[in-house]
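# the sequence and its predicted three-dimensional model are supplied below.
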Amino acid sequence: MTGLVTACLTGLALVSCAMNPPGAGTPTASVPTTQQQGAVAEAFIAETMRASPVEWDPSQDNSWTQDCVLEGGSRGALVNVTRIGGGVADPRGTQQLIGAAWEADGLDVRYSTSAYNDGSPQYVVSGTGGRIASVQFGAGSHRSTIAAVSRCGVGDAAELG
């Protein structure tokens, strides 16, 4: 009888460990917070800014949160980060420089061209994957921009502002 009880308890422990491995915690405990995900996006933007020849305007820095849905369907929040700077002498070369850096960082990149209101070209590189959900960099002769979206994290956008 003692052997049967021990076998049952051992079996239950194995099932319990398989369902909730040590250190796994609750499902949301393993998901980073919105603040942590936002810090990752801010750091990614800062790295990109340092890699580019753009002179960035700190007065144009902007970040905000919005609702998102975590895996499993619970509510979370993500962080949008934007920066604006001056133009560059070689917009297409800057686009290629940033795209290559992002590819080296594990992002999937896509190149495109758009136009500003005055008709001048903006060379855009978009990236997905890696440490963030998505990012876009646009280089032009009179203005450059970068915008990133963090991955969804545990938090409430309304509470975070």
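Here it is on my side, so go on.

# residue 49 is in contact with residue 57, correct?
No: Residue 57 lies out of contact with residue 49 (C-beta atoms under 8 Å); the separation is 11.0 Å. The way it works is simple: take the backbone N, C-alpha and C, and place the C-beta from them, glycine included.

# neighbour count for these two, which is higher?
Ranked by neighbour count (other C-beta atoms under 10 Å), residue 57 and residue 49 place residue 49 first, with 17 against 13.

# which residue, other than its chain neighbours, is closest to the more buried one?
Spatially, and ignoring its direct neighbours in sequence, residue 49 is nearest to residue 56 (5.4 Å; C-beta to C-beta, 6 or more residues apart in numbering).

# now for the one you found, how many residues are close by?
There are 19 residues near residue 56, going by other C-beta under 10 Å.

# isn't it right up against residue 82?
No: counting by C-beta under 8 Å, residue 56 stays clear of residue 82, with 11.0 Å between them.

# hey, what's in contact with both of residue 57 and residue 49?
Taking C-beta atoms under 8 Å, 6 or more residues apart in numbering as the criterion, residue 57 and residue 49 both touch 83, 85.
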